[in-house]
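> The following comprises the amino acid sequence and a computationally predicted model.
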Amino acid sequence: MNDIQAHRCDVLIIGGGMAAAWAAIAAAKTGAITIMVDKSYVGTSGVTATGGPNHWWVPPDPGKRREVIERKLAAGLGLGDPEWMERVIDTTWRTLPELAPYYPFGSDGKGGRYYSGVRGAEYMRALRAYALAAGARILDHHPATQLLVNGDGAVRGARGHARLIGRDWEIQAGAVIMATGGCAFRSGLLGSHGNTGDGYLMAVEAGAELSGMEFSIQYSVSPAWASTRTLPYGAARYYDVDGEEIVQPPRGHAHFQALGAALLTGPVYADLIDAPSALPPVLHDIQPFTPPPFVRKGVDLFKERWPIKLFGEGTIRGNGGLRIRDGNCRTNVPGLFAAGDAATRELATGAISGGGAVNSAWALTSGQIAGAAAAKEALAGRRRTMERLRSAASAAIHPVAAERPVDRKAIEADIDHHMNGYQHALWRSERQLTDSLKVLDAHWRAIRDHGRAEGLSLVSLRETAAMTATARWCTAAALSRRESRGIHVRIDAPELDAGSGARLLTGGLDMIWTRPEQQRYAEAAA
């Protein structure tokens, strides 16, 4: 690489969302030299900035917390972890109020402050301010493309490209935290365009394992012409083109199946005329990004019917991601930690979506834990002599055959079709999943064999590679879990299999593997 930007730090955080910011705060507060790199601008990028996040908020009453955890464990169908749930609840309760100097928390109506619900844009601006005040350095518009490892395979930094100045960068670090978010496969979901699975690909290239990738089917209801946030739609009724009401369950996979089946035959319309009277006056304050598309279209969302679309959320409100090996958010690769949606959320949610309060609390907690643990590890080894590092990456960098153009648009269209298309995602079966995997495998081979790029073009090609790899892991895991559990539903295996209650691990690049988890994180760390 020529004219490269070179930096050194103790802790490198890849990502710029909620979990990344909390990780930077925790790491920098220890005195560790901390750098965040984000493909966009920390404070506006990602799905949090466009939403109105709530947090899992339970007072420190042992009885109440035990009751909440027991309910979540039951809903998670055997894949949750009560110790992690307790940590998430407790860390969130203690930590979120720290943001008060930077965020205007309102009144709870009882003489105190209301902490659990925040406005996404202001929340992310506050986290940026807090991270900078703690001493973290933020490099905006610095997408990472590959991890650096030493001779023992430990992660010791990353490389990427600085968009605004057109130069490659390299950062050597004592520890790296992957906090790049989930992957929505370019569905059009609001705020998710940059969520392309980059962190999954970089980590697996370094040898990391994934967990829960089969739990990748979740949707947001939005107007057909624009993705919005989801608050109003729980009160909606839905009608087909002939004005007949679509009879459907109030929530869950069957709810999306009913809407998806109707959408495959024609337009579907939402009706919010019967929404609670308290909702319209507060919607703009809670989710300010929801009303504008209706205003621009000249539609009164509470008085008119309007066409809808389901926007796929993939692993953002699914729960798969990098496997957490121990109580410090380490992956199975030395020197590499994971936080937020880049990590599996099965520990806090089990087999169901943690979208909303639990995911926000998980992002805060895993960020805090990973930041502190990575800083401790890096500071302990700060006197380490300079190491010779190599890139762990290969796809789109070192083709194995003759270099030739890769049709990114065609590949991404196929990925969207197989991962977000209603006919594929909502009615999974062995035949459908096998057919999808064949298509996705062919695209991976095309990128592996012939793809090569540099600079900003490499960033784009690596995004396509990451989405392709993530789609293959999700599909392979869904094929291996021959049952229906939580948000993973198979029409050819509709029942819960009592003998399949282990988390499912996934990994590999050219040859994907899956296997049940043999040891939970606490057992592995013992």
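That came in fine, so what should we check first?
> What are the boundaries of the strands in the stretch 251-400 of the chain?
268-271, 306-312, 321-322, 336-338, 390-391 (DSSP state E, counting those that start in this stretch).
> Mind listing residues that contact the last one?
Residues outside strand 390-391 that contact it (CB atoms under 8 Å, 6 or more residues apart in numbering): 146-149, 159, 397. No exception for glycine: its C-beta is placed from N, CA and C like everyone else's.
> And stretch 271-279, by the same measure?
231-233, 235-239, 301-303, 305.
> Which among these count as buried?
By neighbour count, with 16 or more other CB atoms under 10 Å, these hold 231-233, 236, 238-239, 301-302, 305 as buried.
> In CSV: those residues, plus distance to His418.
Formatted as CSV, the buried ones among the contacts of stretch 271-279 follow (distance: CB to CB, whole Å):
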residue, distance to His418
Leu231, 30
Pro232, 30
Tyr233, 25
Ala236, 28
Tyr238, 25
Tyr239, 29
Leu301, 32
Phe302, 36
Arg305, 31
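> Select from the contacts of strand 390-391 the one having the most neighbours.
Highest neighbour count within those, by other CB atoms under 10 Å: Leu147, with 30 neighbours.
> which other helices and strands contact the strand or helix carrying that one?
Here Leu147 sits within strand 144-149, counting by DSSP states H and E. If contacts are counted by 3 or more CB pairs under 8 Å, 6 or more residues apart in numbering; DSSP states H and E, strand 144-149 sits against strand 155-162, strand 167-178, helix 198-205, strand 390-391, helix 455-480.
> Now do the first one and helix 198-205, the angle between them.
This points to strand 155-162. Put simply, strand 155-162 runs at 140 degrees to helix 198-205, going by axes from the mean of the first three to the mean of the last three CA atoms, to 10 degrees.
> Each with direction, which strands does strand 155-162 pair with?
strand 144-149 (antiparallel), strand 167-178 (antiparallel) (DSSP bridges).
> just how off-centre is that strand within its chain?
Strand 155-162 sits 20 Å away from the centroid of its parent chain (CA atoms, centre = their mean, to the nearest Å).
> Show residues contacting that strand.
1, 5, 12, 14, 37, 139, 141-150, 167-176, 202, 206, 333-336, 387, 389, 391-392, 455-456, 458-459.
> Give the buried subset of these as a PyMOL selection command.
Entered in PyMOL, the line below selects the buried ones among the contacts of strand 155-162, by 16+ other CB under 10 Å:
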select buried, resi 5+12+14+37+139+141+142+143+144+145+146+147+148+149+150+168+169+170+171+172+173+174+175+176+202+206+333+334+335+336+389+391+392+458+459
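> what's the spacing between the strand holding Leu147 and its chain's center?
Chain-centre distance of strand 144-149: 19 Å, with CA atoms, centre = their mean.
> Quick check, Glu517 in contact with Ala502.
Yes: counting by CB atoms under 8 Å, Glu517 does reach Ala502; the two are 5.2 Å apart.
> Could you check which of those two has the larger neighbour count?
A count of neighbours by other CB under 10 Å puts Glu517 above the other of Glu517 and Ala502, at 18 against 15.
> OK, contacts around the more buried one?
Going by CB under 8 Å, 6+ apart, Glu517 touches 211, 323, 502-505.
> same thing but 6 Å
502-503, 505 (CB atoms under 6 Å, 6 or more residues apart in numbering).
> Just give me the closest of those residues to Phe215.
Arg503 (10.0 Å; CB to CB).
> Tell me the backbone dihedrals of the closest residue to that closest one other than its chain neighbours, please.
In space, and not counting its chain neighbours, Arg503 is closest to Glu517: 4.3 Å by CB to CB, 6 or more residues apart in numbering. With angles defined as degrees, to the nearest 10, Glu517 sits at phi -70, psi 130.
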